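Chemist: model the following, please.
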Amino acid sequence: MKATEVSDKELISRYLQGNQASLEKLIIRHKNKVFAYILMIVKDKDLADDIFQDTFIKVINTIKAGNYKEEGKFIQWVMRIAHNLIIDHFRKSKRIPVVDNSNEDFDIFDTISLTDKSVEERMITDQIHEDVRKLIDYLPPEQKEVLFMRHYSQMSFKDIAEQTDVSINTALGRMRYALINLRKIIADNNMILTQ
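Modeler: Numbers count the residues shown, from 1 in each chain. Below you'll find the predicted structure:
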């Protein structure tokens with residue numbers, strides 16, 4: 001007989017009732033995915049360790065304060081926190097990824113690279129990333145969710161389909177429409193996302 005795995009929501013509830021082991025189980029369950037994502041972006045193990053710790057400190061403090069809202073999947077919320085902390089780090093160190101739009105069929109997320117740039121290039125890059133973040137906010141929630149899960153959480157379309165309780169074709173369609181909509185918004189506003 002197979003044991004049923006306790007849900008993230010249940011572990012959070014148990015932790016709030018004083019069961020410290022539930023929090024440990026929650027962290028152990030998701031630590032590899034979160035750490036791998038952070039390391040993939042920052043490419044420095046020590047820095048990844050720091051951001052990973054900061055991520056879970058923020059997670060714990062938010063849960064303890066009663067500010068965690070079960071609006072979706074716990075792992076997506078944690079990945080969003082990790083992503084925001086990575087962006088904060090890059091802002092502070094002035095190492096923002098560069099986005100290049102030299103090809104009509106570009107995929108914004110295929111062109112990100114981390115390099116040191118001049119002050120002018122960093123300012124342009126900062127503006128490009130701010131523009132991309134604003135553009136993503138215009139997407140319908142289900143497209144934004146799939147885009148985030150695929151490109152920020154590095155999830156497979158199979159995992160996305162399971163997490164969002166839709167078919168793989170629906171997940172693929174949402175991603176396709178998210179990219180089409182981003183391109184349309186860029187074209188409609190005559191935006192150029194390049195240096």
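
Chemist: helix or strand right after the lowest-mean-pLDDT helix or strand in the chain?
Modeler: None of the helices or strands of the chain scores lower by mean pLDDT, DSSP states H and E than helix 119-137, at a mean of 72. As assigned by DSSP states H and E, the chain's next helix or strand after helix 119-137 is helix 141-151.

Chemist: how's this structure carved up into domains?
Modeler: The chain resolves into domains spanning 1-73, 94-195 when parsed by automatic domain parsing.

Chemist: now Lys43: how far from Phe148?
Modeler: To Phe148, Lys43 is 21 Å away according to C-beta to C-beta, to the nearest Å. Using the backbone N, CA and C atoms, a C-beta is placed for each residue, glycine as well.

Chemist: out of those two, which sits in the busier spot?
Modeler: Between Lys43 and Phe148, counted using other C-beta atoms under 10 Å, Phe148 has the larger neighbour count: 19 against 10.

Chemist: these two touch, right, the more buried one and Asn84?
Modeler: No. Applying C-beta atoms under 8 Å, one finds Phe148 not in contact with Asn84, separated by 11.6 Å.

Chemist: what's the burial count for the spatially closest residue to Gln163 that is not a sequence neighbour?
Modeler: In space, and not counting its chain neighbours, Gln163 is closest to Lys73: 5.4 Å by C-beta to C-beta, 6 or more residues apart in numbering. Residues lying near Lys73 (other C-beta under 10 Å) number 16.

Chemist: same deal with Ile51?
Modeler: Residues near Ile51, counting by other C-beta under 10 Å, number 24.

Chemist: state the helix or strand in which it lies.
Modeler: Assigned by DSSP H and E, Ile51 falls in helix 45-64.

Chemist: can you show me the CA trace of that helix as PDB?
Modeler: Backbone C-alpha positions of helix 45-64 (Å, rounded to 0.1, in the frame of the first residue of the first chain) are rendered in PDB as follows:
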ATOM      1  CA  LYS A  45      27.400  28.400  -5.700                       C
ATOM      2  CA  ASP A  46      28.100  30.700  -2.700                       C
ATOM      3  CA  LEU A  47      25.800  33.400  -4.000                       C
ATOM      4  CA  ALA A  48      23.200  30.800  -4.800                       C
ATOM      5  CA  ASP A  49      23.500  29.500  -1.200                       C
ATOM      6  CA  ASP A  50      22.900  33.100   0.100                       C
ATOM      7  CA  ILE A  51      19.900  33.700  -2.100                       C
ATOM      8  CA  PHE A  52      18.500  30.300  -1.300                       C
ATOM      9  CA  GLN A  53      18.700  31.000   2.400                       C
ATOM     10  CA  ASP A  54      17.200  34.500   2.000                       C
ATOM     11  CA  THR A  55      14.400  32.900   0.000                       C
ATOM     12  CA  PHE A  56      13.400  30.500   2.700                       C
ATOM     13  CA  ILE A  57      13.900  33.100   5.400                       C
ATOM     14  CA  LYS A  58      11.400  35.300   3.600                       C
ATOM     15  CA  VAL A  59       9.100  32.300   3.100                       C
ATOM     16  CA  ILE A  60       9.200  31.400   6.800                       C
ATOM     17  CA  ASN A  61       8.700  35.000   7.900                       C
ATOM     18  CA  THR A  62       5.700  35.400   5.500                       C
ATOM     19  CA  ILE A  63       4.100  32.200   6.700                       C
ATOM     20  CA  LYS A  64       4.700  33.000  10.400                       C
END
